[in-house]
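Participant: take this sequence and fold it.
(one chain, ligands or ions: 1)
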Amino acid sequence: MAYNLLRGKRGIIFGALDENSIAWKTALKIKEEGGQFTLTNAPIAMRMGKIKELATQCNAEIIPADATSESDLNTLFTKSMEILGGKLDFVLHSIGMSPNVRKDKPYGDLNYDWYLKTLDISGVSFHKVCQTAEKTDAMNEWGSILALTYIASQRTFPDYSDMAQAKAVLESIARSYGYRFGKAKKVRVNTISQSPTVTTAGAGISGFDVFFDYARMMSPLGNASGEDCANYITLMFSDYSRMVTMQNLMHDGGFSTTGITEELIEKLKK
Ligand SMILES: NC(=O)c1ccc[n+]([C@@H]2O[C@H](COP(=O)([O-])OP(=O)(O)OC[C@H]3O[C@@H](n4cnc5c(N)ncnc54)[C@H](O)[C@@H]3O)[C@@H](O)[C@H]2O)c1
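Facilitator: This is a model prediction of the structure:
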């Protein structure tokens, strides 16, 4: 059921690769709730992914941009305002990639060029997005900027490798830029810390199935799905969350504050 929560709002959605992507599900939800947006992804993902299907479904234009390139981002924000006919109310950063994880490098044998790439693509790009939004004067007052993160930024999940540092950077940027943008423009900046979700990025982490099941058993509500995440993002882009900023918002079915559950105790009993 739709409530027109985003009627009249304009934005940019990064990171829809295929129908499993959190950004893909979010685009469909935002469309249903009356929002208009441009879609963007890295030029390489554009060739491999199915973003054109989504663009047709949502009646949205696609603007390729590598989120680490300031000039691509500048074009993206400028063109989005032209296409959508005004300044923006929301931006979703749904981007993550680690060459070290992709190539199964152990944490004690990281390739440092790749490490810097991980930090740039998955962390610093969020600063570049916020800074470009500010420099192009793209945001309306009371706009909302969000990035997606994972609890491995705060607690150790060994297979998450250098992505853990990238997510810590990302969450810190939300606090620092949230302060700046709040003061300057009343724009809020937050991260959503999502449960493990079956997507291309998620399933790329080795042992994903096991920690998906572990998280499900450790969460009183179970794992939050991609659809649940899309709903929460919609709320965070709506006027009903105007005073929430500089937060890392746990969207994890209770995982982060649970010590142990009966289900796990049963499993561990000899
Ligand atoms: N899937 C999970 O279990 C899970 C859990 C918590 C948080 N997250 C986060 O959610 C976000 C979305 O991931 P997803 O799970 O939907 O997977 P996904 O693989 O569908 O999305 C990741 C996206 O990042 C894009 N990307 C990679 N490099 C880029 C670049 N240089 N410029 C622009 N875009 C680039 C990819 O093309 C892809 O569309 C990520 O930040 C991820 O870390 C995922």
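Participant: for the stretch 101-250 of the chain, just list every one of the helices.
Facilitator: For the stretch 101-250 of the chain, applying DSSP state H, counting those that start in this stretch gives helices covering 112-119, 125-135, 163-185, 200-203, 208-218, 226-237.
Participant: just put these in JSON lines and tack on distance to Trp142, mean pLDDT and mean neighbour count.
Facilitator: C-beta here means a position set from N, CA and C on the backbone, and glycine is covered the same way. Shown next, in JSON lines, are the helices of the stretch 101-250 of the chain (distance: least, Cβ to Cβ, whole Å; pLDDT from 0 to 100; neighbours: other Cβ atoms under 10 Å):
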{"stretch": "helix 112-119", "distance to Trp142": "31", "mean pLDDT": "98", "mean neighbour count": "16"}
{"stretch": "helix 125-135", "distance to Trp142": "14", "mean pLDDT": "99", "mean neighbour count": "21"}
{"stretch": "helix 163-185", "distance to Trp142": "9", "mean pLDDT": "98", "mean neighbour count": "19"}
{"stretch": "helix 200-203", "distance to Trp142": "30", "mean pLDDT": "80", "mean neighbour count": "18"}
{"stretch": "helix 208-218", "distance to Trp142": "34", "mean pLDDT": "92", "mean neighbour count": "17"}
{"stretch": "helix 226-237", "distance to Trp142": "11", "mean pLDDT": "98", "mean neighbour count": "20"}
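Participant: of the ones you listed, which approaches Phe90 most closely?
Facilitator: For Phe90, the closest of the helices of the stretch 101-250 of the chain is helix 226-237, at 4.1 Å, according to Cβ to Cβ.
Participant: ok, now which ones touch the closest residue to Phe208 other than its chain neighbours?
Facilitator: The shortest distance from Phe208 to any non-neighbouring residue, by Cβ to Cβ, 6 or more residues apart in numbering, is to Gly202 (6.0 Å). Contacts for Gly202 were tallied using Cβ atoms under 8 Å, 6 or more residues apart in numbering; they are 196, 208, 212.
Participant: right, and the helices of the stretch 101-250 of the chain - which one's nearest Asn248?
Facilitator: Evaluated over the helices of the stretch 101-250 of the chain, closeness to Asn248 peaks at helix 163-185, with 4.9 Å, by Cβ to Cβ.
Participant: which other helices and strands contact the closest one?
Facilitator: Using 3 or more Cβ pairs under 8 Å, 6 or more residues apart in numbering; DSSP states H and E, the elements in contact with helix 163-185 are helix 112-119, helix 125-135, strand 139-149, strand 188-194.
Participant: what does that helix rub up against?
Facilitator: Contact partners of helix 163-185, identified using Cβ under 8 Å, 6+ apart, comprise 96, 98, 101, 118-119, 121-124, 126-127, 130-131, 134, 139, 141, 143, 145, 147, 149-150, 152-154, 156-157, 187-191, 193, 205, 245-248.
Participant: would you mind listing what in the protein touches the ligand?
Facilitator: 14-15, 17, 21-23, 41-42, 45, 66-68, 94-97, 121, 148-150, 194, 196-197, 199-202 (Cβ under 6 Å from any ligand atom).
Participant: among the residues you listed, name the buried ones.
Facilitator: Neighbour-count burial (16 or more other Cβ atoms under 10 Å) applied to those gives 14-15, 17, 21-23, 41-42, 45, 66-68, 94-97, 121, 148-150, 194, 196-197, 199, 201-202.
Participant: look up how far Met218 lies from Val124.
Facilitator: 31 Å (Cβ to Cβ, to the nearest Å).
Participant: can you check Gly182 too?
Facilitator: For Gly182, the distance to Met218 - Cβ to Cβ - is 34 Å.
Participant: over to Glu262?
Facilitator: Computed with Cβ to Cβ, the distance linking Glu262 and Met218 is 11 Å.
Participant: least confident secondary structure element in the protein?
Facilitator: Across the helices and strands of the chain, the lowest-confidence element by mean pLDDT, DSSP states H and E is helix 200-203, at a mean of 80.
Participant: check the offset of that helix from the chain's centre.
Facilitator: Relative to its parent chain, helix 200-203 has a centroid offset of 13 Å by Cα atoms, centre = their mean, to the nearest Å.
Participant: one more: stretch 234-249?
Facilitator: 14 Å.
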